[in-house]
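Asker: next comes the sequence, and after it the predicted model I'd like to discuss.
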Amino acid sequence: MEMENKTIALLIDADNMDKKHLEVLIEELNKIGDITYKRIYGDFTSQNLQKWKQLTLDFALEPIQQYAVNGKKNVTDAAMVIDAMDILHSGTIDAVCLATNDSDFTRLAKRFKNAKMVVIGAGNTSASKEFIAACHRFLLLDVLANDKAEVEAEKKSMKAIEPICETKNKTNGNSVEQKEQTSGNKLQTKKQLIELSKKIIKEEGDGDDKGMLFASFVQSLYKRDPAFNPRNYDSGQARKPIVFFKELEIYEKKQFIIDDSKKTIERIKIAK
C-alpha cells in the first residue's frame, strides 16, 4: 500500500486526543499527502476543550461543535461517523486519518478499508490493539513527539559550548535513570521487531540464501504491525525503512542483509 501523494481527510476526536501532539500529527500527514479536510469534533464550550481554540486557528482546523447531552460524549462520536461517511461517499479523498484513542472507531476504520481507502490511525501507545490492527498505518503520536523532542535536545546540546559538569549529572540523576530505563524499553521493542521480521522472511521468503523482495517484506510488516515506524525505536533513527534495516543492530551485530546490487529489486536476508 503506497503512502505518498494521498488526498487526506483528517478527523480529530478532541475528547480522545492530546492537543500537544497536534503539531507532530500534521507534520507526519504532510509527508503522506495533502490534507483537504481538517475537522475536529467536541464540545468546545466545556472547560476541558477550551485550550483547543488557539490550535484550531494556528492549524486551520474546522471545529465541529457538539453539545454534550446529559454529559455524554457519544454525540461527538456520532457526528464524526456521519461526517466520515459523507466524506467517503463524496469521492474527493483517497485516505482518511482518524485521530483518536477510542476503540469505538474500529468499525469505522474497517468500513473505510472495505471501500479501498487508505486508513491512517493516530493516537497514543494506549490505543487498543484492535483499532491499530484495523488501520493500514498507525501513528504513535506520543512516541513521535518524544523522538522530535530528543532530536531537538541533541541539536541544542551540540551547539552548547560549556562542558557538562559532574554536579549537573548528579542534579539530573533521576532524568539519567529515566533515560536508561527508556532505552531498555526500546531495546526490548527492537528485539520484538527483529523477531517478527525474521518470522516474515522465513514464512514468506524464498529460503535462507535468497530472502525476499524488500518491498514485499515491508508490505507484510505493515500488515502485521501497522504502527511500525523507524522513529519508534531510537531518536534520530533512519527514517526510510530500507536504511533502517541496513543499520539495524543488536549488541553491535547486524541483523539483516540488504542485497541492493540490482537497485530496483532490493532483497532482504537474515544475517548469519
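Answerer: Okay, I see it.
Asker: what's near enough to touch the most centrally placed residue in the chain?
Answerer: By C-alpha atoms, centre = their mean, the mean C-alpha position of the chain lies nearest to residue 139, the distance being 1.7 Å. With contact set as C-beta atoms under 8 Å, 6 or more residues apart in numbering, residue 139 has these partners: 25, 28, 120, 121, 122, 123, 227, 229. All C-beta atoms are positioned from the backbone trio N, CA, C, and that covers glycine.
Asker: could you pull out the strands for the stretch 1-150 of the chain?
Answerer: In chain order, the stretch 1-150 of the chain shows strands spanning 6-13, 33-42, 62-65, 95-99, 118-123, 137-140, with DSSP state E, counting those that start in this stretch as the criterion.
Asker: helices or strands up against the second one?
Answerer: Just to be clear, that refers to strand 33-42. Here strand 33-42 touches strand 6-13, helix 52-58, strand 62-65, helix 74-90, going by 3 or more C-beta pairs under 8 Å, 6 or more residues apart in numbering; DSSP states H and E.
Asker: what's the closest of the ones you listed to residue 208?
Answerer: strand 6-13 (36.5 Å; C-beta to C-beta).
Asker: in the sheet, who's paired with residue 34?
Answerer: The residues listed as beta-bridge partners of residue 34 by DSSP bridges are residue 7.
Asker: quick one on the thing from earlier: gap between the residue nearest to the centre of the chain and residue 101?
Answerer: To residue 101, residue 139 is 12 Å away according to C-beta to C-beta, to the nearest Å.
Asker: who touches both of these two?
Answerer: Common contact partners of residue 139 and residue 101 (C-beta under 8 Å, 6+ apart): residue 123.
Asker: in JSON lines: the contacts of residue 139, plus neighbour count and pLDDT.
Answerer: Written out in JSON lines, the entries for the contacts of residue 139 read as follows (neighbours: other C-beta atoms under 10 Å; pLDDT from 0 to 100):
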{"residue": "25", "neighbour count": "24", "pLDDT": "96"}
{"residue": "28", "neighbour count": "18", "pLDDT": "94"}
{"residue": "120", "neighbour count": "28", "pLDDT": "97"}
{"residue": "121", "neighbour count": "26", "pLDDT": "97"}
{"residue": "122", "neighbour count": "28", "pLDDT": "97"}
{"residue": "123", "neighbour count": "29", "pLDDT": "95"}
{"residue": "227", "neighbour count": "19", "pLDDT": "93"}
{"residue": "229", "neighbour count": "21", "pLDDT": "90"}
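Asker: just the pLDDT for residue 179.
Answerer: The predicted structure scores residue 179 at 40 on the pLDDT scale.
Asker: swap in residue 242?
Answerer: Confidence per residue is given as pLDDT, and for residue 242 that number is 91.
Asker: ok, it - how many residues close by?
Answerer: Other residues near residue 242 number 16, with proximity taken as other C-beta atoms under 10 Å.
Asker: so what's the backbone phi/psi at it?
Answerer: Here the main-chain torsion angles of residue 242 (degrees, to the nearest 10) amount to phi -70, psi -40.
Asker: contacting residues for it?
Answerer: 214, 258, 260, 266.
Asker: which pair in those residues spans the largest distance?
Answerer: Considering C-beta to C-beta, no two members of those lie farther apart than 214 and 260, which are separated by 8.2 Å.
Asker: neighbour count: these two, which is higher?
Answerer: For residue 214 versus residue 260, the count of surrounding residues by other C-beta under 10 Å is larger for residue 214: 20 against 14.
Asker: what pLDDT does that one get?
Answerer: In this prediction residue 214 is given a pLDDT of 94.
Asker: doesn't residue 262 make contact with it?
Answerer: No. In this structure, residue 214 is not within contact of residue 262 by C-beta atoms under 8 Å, at 11.1 Å.
Asker: domain assignment for the chain?
Answerer: Described in terms of automatic domain parsing, the domain architecture of the chain consists of the residue ranges 6-144, 176-270.
Asker: circling back to that earlier point, so what sits against both of residue 214 and residue 260?
Answerer: Shared between the contact lists of residue 214 and residue 260 (criterion: C-beta under 8 Å, 6+ apart) are residues 242, 266.
Asker: sweet, I'm off.
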